[in-house]
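Student: Here is a sequence with its predicted model. Questions after.
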Amino acid sequence: MTRRVLVSPSLLSSDFGRLAEEVRAVEAAGADWIHVDVMDGRFVPNITIGPVVVEAIKKAATRPLDVHLMIVEPEKYVDAFAKAGADILTVHVEACTHLHRVIQQIRHAGAKPAVVLNPATPLSAVEEVLGDVDMVLLMSVNPGFGGQSFIAPTVDRVRRLRAMMDARGLSTDIEVDGGINAETARRVVDAGATVLVAGSYVFGSKDYAAAIRSLRP
Ligand SMILES: O=C(CO)[C@H](O)[C@H](O)COP(=O)(O)O
Ligand SMILES: [Fe+2]
């Protein structure tokens, strides 16, 4: 089956001093979504941005904002990020004591809920909520930094997650984040991924449009 594949460039590797320009540049280069990495220095050993900056990105963007929350107690901030303009809000299952409740909270706040798994978290952690989310994100690096190498067993995890969805008659998006380039993109798309996050590969290239094009099947 041929599925549509979306590219969501991660602003983590963009020039933060020219954030609005970078957003406009990747959109002109063909980005489908804009991936925004929120880190709190607790869930991951790095700190990035909060709702105020997401609001500024929203003003520059015309494409959906795909906001990846790498924070503890996400339920405290979901409403603020939705209000700031997040279209898709993704929470780590490892950070949620009441995952189902947080998913409901995201939908109630007007955003599309998604859940994300670290590379070592079993797929069974999302099994009970597969019917409640718009997307499942599989991390293909340990979260916290851009520019890391793709963790190869992710390909088989994508394949098994797609089979779990197929068995339930679901065509939910599977996003992959970390170490995505033209070669790893092809492997995860063949396994059933439908959304590709790419930070250093896109923003580290001289030609954003060529980089984005090379990720598509
Ligand atoms: O969530 C992330 C890191 O935690 C980033 O989205 C990811 O690392 C993208 O960067 P790259 O494509 O350079 O690996
Ligand atoms: Fe991310």
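Tutor: Yes, it's here. Owing to the predicted nature of the structure, the values given are computational and were not obtained by experimental measurement. Residues are numbered from 1 along each chain as shown. Ligands and ions are numbered 1, 2, ... in the order given.

Student: quick one, helices of the protein?
Tutor: 19-28, 51-60, 78-84, 99-108, 154-167, 182-191, 200-203, 208-215 (DSSP state H).

Student: Around ligand 1, pick out the residues from this structure.
Tutor: Contact residues (Cβ under 6 Å from any ligand atom) of the chain with ligand 1: 10, 12-13, 35, 37, 68, 70, 141, 143-148, 177-180, 197-201. All C-beta atoms are positioned from the backbone trio N, CA, C, and that covers glycine.

Student: give me the subset of the residues you listed touching ligand 2.
Tutor: When contact is defined as Cβ under 5 Å from the ion, the residues of the chain next to ligand 1 meet ligand 2 at 37, 68, 177.

Student: Name the member of the residues you listed with the most neighbours.
Tutor: Among those, H68 has the most neighbours (other Cβ atoms under 10 Å), with 27 neighbours.

Student: mind listing what that residue touches?
Tutor: Residues in contact with H68 (Cβ atoms under 8 Å, 6 or more residues apart in numbering) are 35-38, 90, 116, 137, 177, 197.

Student: could you redo the last one with a cut-off of 6 Å?
Tutor: H68 makes contact with 37, 90, according to Cβ atoms under 6 Å, 6 or more residues apart in numbering.

Student: Among the residues of the chain next to ligand 1, name the ones in strands.
Tutor: Among the residues of the chain next to ligand 1, the ones falling in strands (DSSP state E) are 35, 37, 68, 70, 177, 197-198.

Student: So for the residue nearest the centre of the chain, what pLDDT did the model give?
Tutor: Nearest to the geometric centre of the chain sits H68, at 5.4 Å (Cα atoms, centre = their mean). Note on H68: pLDDT of 99.

Student: Residue most distant from the centroid, this structure?
Tutor: Most distant residue from the mean C-alpha position of the chain: A167, 23.7 Å away (Cα atoms, centre = their mean).

Student: From I212, how far out is it?
Tutor: Plainly put, A167 is 32 Å away from I212 if you go by Cβ to Cβ, to the nearest Å.

Student: where does T2 land on pLDDT?
Tutor: On pLDDT, T2 comes in at 82.

Student: Going forward, count from 107.
Tutor: With 107 as the first residue, the last one maps to T108.

Student: OK, contacts around Y307?
Tutor: So Y307 contacts 287, 317 (Cβ under 6 Å, 6+ apart).

Student: can you do 8 Å?
Tutor: Y307 sits next to 286-288, 317, 321 when contact means Cβ under 8 Å, 6+ apart.

Student: picking up where we left off before, dump the helices of the chain to TSV, plus mean pLDDT.
Tutor: Formatted as TSV, these follow (pLDDT from 0 to 100):
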stretch	mean pLDDT
helix 125-134	98
helix 157-166	98
helix 184-190	98
helix 205-214	98
helix 260-273	98
helix 288-297	98
helix 306-309	98
helix 314-321	98
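
Student: about what we covered before: out of the residues of the chain next to ligand 1, which are buried?
Tutor: 116, 118-119, 141, 143, 174, 176, 247, 249, 251-252, 283-286, 303-307 (16 or more other Cβ atoms under 10 Å).

Student: so how far is E233 from the closest residue to P180 other than its chain neighbours?
Tutor: Nearest residue to P180, sequence neighbours excluded (Cβ to Cβ, 6 or more residues apart in numbering): V197, at 4.5 Å. To E233, V197 is 16 Å away according to Cβ to Cβ.
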